[in-house]
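[1] Let's see this in three dimensions:
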Amino acid sequence: EHDRLTGDHLYDVDHPEVVARREDVGISGAVLLSARDFELALAGIDQARYYAHPGGGVAQHAPFALAGYWTVAQRRGLRLEQLTGTGQADLFLTYVGCPPLEQIPPAAALSINCDIVEFTAEHLPRWVPISMAAYNGADSGLNAYQELAALLAACVDHLEEVRRRGRVPLEHLAHALGGVSFRVGMDFFEDIAKLRVARKMWHDLLAGRFGITDERALRLRIHIVTAGSAMTYQEPINNVVRGTLMGLAAVLGGVQSMGISAYDEALSVPSEQAHQQSVRIQQILLHETNVAAVADPLGGSYYLEALGAELEDRAWACFEDIQARGGFVACLESGHLQRLAADNQLALEDAVASGERGIVGVNVAPSDHDPFGIDGFPGAPDAWERGMERLATLRAERDGRLVTQKLSELASACRGGGNVMAGVLAAVGADATVGEIGDVFREVYGSWTFPVPF
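    Predicted coordinates:
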């Protein structure tokens, strides 16, 4: 995990917004300000051996996160084509789930994502460039059929832009985008049905709209993360049970991989003990239950098939509505998707408050005291001070003229003169900082205004 205050916003630690909240720096993860910090974080890790996910969930942070990881590999003498891993650059997280204080507009993010697609197609053939994580829309309020529809609409916007550019075969991007992330929550049967129908919808979309026949591209690969929003801070050990049930639903729905939200999710980023417990849930499901021995064990169930058919009909109707409104990016810019999510969140809060929706330990059998009290991850109390020290050393030792040159070239690329991912990699390789990359983005693209008033 990276520090989200600096990373997501593309701020150096001496940025006024960071200085004002210096005690929050490091709470969510490591402070990574430059390629040198990535070298520290990757010490002892063999990049030629391991499949990597360098981070970059928020769209504007993705180029820097990828460039930091790739620069370390190059400094170690590795070739980019040797590296395996995946990026994210997810528009759901960026514009629905956790909009940062300053963020490039959605259209600019789509363009940069497609630059990442083109750069990796040329230089990193074993790398998955971006991934669509509808989880972040669903955990912010989108319901099951809206999650399906929005995910497909996000993929369509990327596929259409790559087709318009004409530099990368659609099958190449479709196969990469076919590794998606959904959310599995506490509605056991609905989420199983959602996962089952997602594969059919993906196949039908690619074959029908884009004429894709490549079997590899038509196969949807599903990663899920169990709902962090389902985890309560009241009696948090109960969340181990919730994580187990959600993980079981994912297996029965036929996912390829999963992540179990930590039982202390409502308190902090995962503590070491909670992270290990999440891994143990997966291992118990895999090794002790035999549930993974059967493909699609609930296929043929009248209830599941009927529920899946209803979800598919509603999802296609929602998808067509998004298309009629101009597509996924247009619905982010207008606030349509954010309003859908907010309406569902408010309805859920009302249902919990009224008792219509029961949550054990919260409004069902609540306790006057918490018999399962735990401490969350404390963070690093001196993260800001150490970040300031590393930043000062970097600025004193690097070639300032080279950094200025590469940042100028990056600005030209952002204005339409070249591949932005290539420009970020060159700047980070010259020891430009995350804040300096952010300054270029903000100067060229401006800052997006969240379209839904509070």
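[2] Tell me where the model's unsure across the stretch 1-150 of the chain.
    By pLDDT under 70, the stretch 1-150 of the chain has no low-scoring segment.
[3] Could I get the full set of helices for it?
    Under the criterion DSSP state H, counting those that start in this stretch, the stretch 1-150 of the chain contains helices at 4-7, 16-19, 35-41, 62-75, 91-92, 106-123, 135-138, 144-165.
[4] Quick one: those as JSON lines, columns for mean neighbour count and distance to Ala383 too.
    To be clear about C-beta, it is placed using only N, CA and C from the backbone, and glycine gets the same treatment. Formatted as JSON lines, the helices of the stretch 1-150 of the chain follow (neighbours: other C-beta atoms under 10 Å; distance: least, C-beta to C-beta, whole Å):
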{"stretch": "helix 4-7", "mean neighbour count": "26", "distance to Ala383": "9"}
{"stretch": "helix 16-19", "mean neighbour count": "14", "distance to Ala383": "11"}
{"stretch": "helix 35-41", "mean neighbour count": "19", "distance to Ala383": "11"}
{"stretch": "helix 62-75", "mean neighbour count": "24", "distance to Ala383": "17"}
{"stretch": "helix 91-92", "mean neighbour count": "28", "distance to Ala383": "28"}
{"stretch": "helix 106-123", "mean neighbour count": "22", "distance to Ala383": "27"}
{"stretch": "helix 135-138", "mean neighbour count": "28", "distance to Ala383": "25"}
{"stretch": "helix 144-165", "mean neighbour count": "22", "distance to Ala383": "33"}
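[5] Now render those as CSV, adding distance to Ala230.
    Below are the helices of the stretch 1-150 of the chain laid out as CSV (distance: least, C-beta to C-beta, whole Å):
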stretch, distance to Ala230
helix 4-7, 21
helix 16-19, 31
helix 35-41, 30
helix 62-75, 27
helix 91-92, 18
helix 106-123, 28
helix 135-138, 11
helix 144-165, 14
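[6] right, so of those, which gets closest to Leu177?
    Closest of the helices of the stretch 1-150 of the chain to Leu177 is helix 144-165, at 4.9 Å (criterion: C-beta to C-beta).
[7] all strands of the chain, in order?
    With strands called from DSSP state E, the chain shows them at 85-86, 127-128, 179-184, 221-226, 257-259.
[8] highest average neighbour count across these?
    The highest mean neighbour count among the strands of the chain, using mean count of other C-beta atoms under 10 Å, belongs to strand 179-184: a mean of 25.
[9] quick one, that one and strand 221-226 angle?
    Orientation check (axes from the mean of the first three to the mean of the last three C-alpha atoms, to 10 degrees): strand 179-184 against strand 221-226 gives 30 degrees.
[10] okay, strand 179-184 in CSV with CA atoms only?
    Taking Å, rounded to 0.1, in the frame of the first residue of the first chain, the C-alpha atoms of strand 179-184 are listed here in CSV:
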residue,chain,number,x,y,z
GLY,A,179,-9.3,-9.5,-16.1
VAL,A,180,-11.8,-7.6,-14.1
SER,A,181,-12.5,-7.0,-10.4
PHE,A,182,-16.0,-7.2,-8.9
ARG,A,183,-17.3,-6.8,-5.4
VAL,A,184,-18.9,-9.6,-3.5
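[11] and it, how far from the chain's centre?
    Strand 179-184 sits 10 Å away from the centroid of its parent chain (C-alpha atoms, centre = their mean, to the nearest Å).
[12] Ok, stretch 273-286 next?
    The answer for stretch 273-286 is 21 Å, by C-alpha atoms, centre = their mean.
[13] now do stretch 378-390
    Between the centre of stretch 378-390 and the centre of its chain there are 25 Å (C-alpha atoms, centre = their mean).
[14] surely Phe377 meets Asp264?
    Yes. Contact criterion C-beta atoms under 8 Å: Phe377 and Asp264 qualify, at 7.3 Å.
[15] Compare neighbour counts for the two and give me the winner.
    Between Phe377 and Asp264, counting by other C-beta atoms under 10 Å, Asp264 is the more crowded of the two (23 against 20).
[16] What pLDDT is listed against that one?
    The model reports Asp264 with a pLDDT of 92.
[17] which ones are touching it?
    When contacts are counted by C-beta atoms under 8 Å, 6 or more residues apart in numbering, Asp264 touches Met231, Pro236, Asn239, Pro270, Ser271, Ala274, Ile374, Gly376, Phe377.
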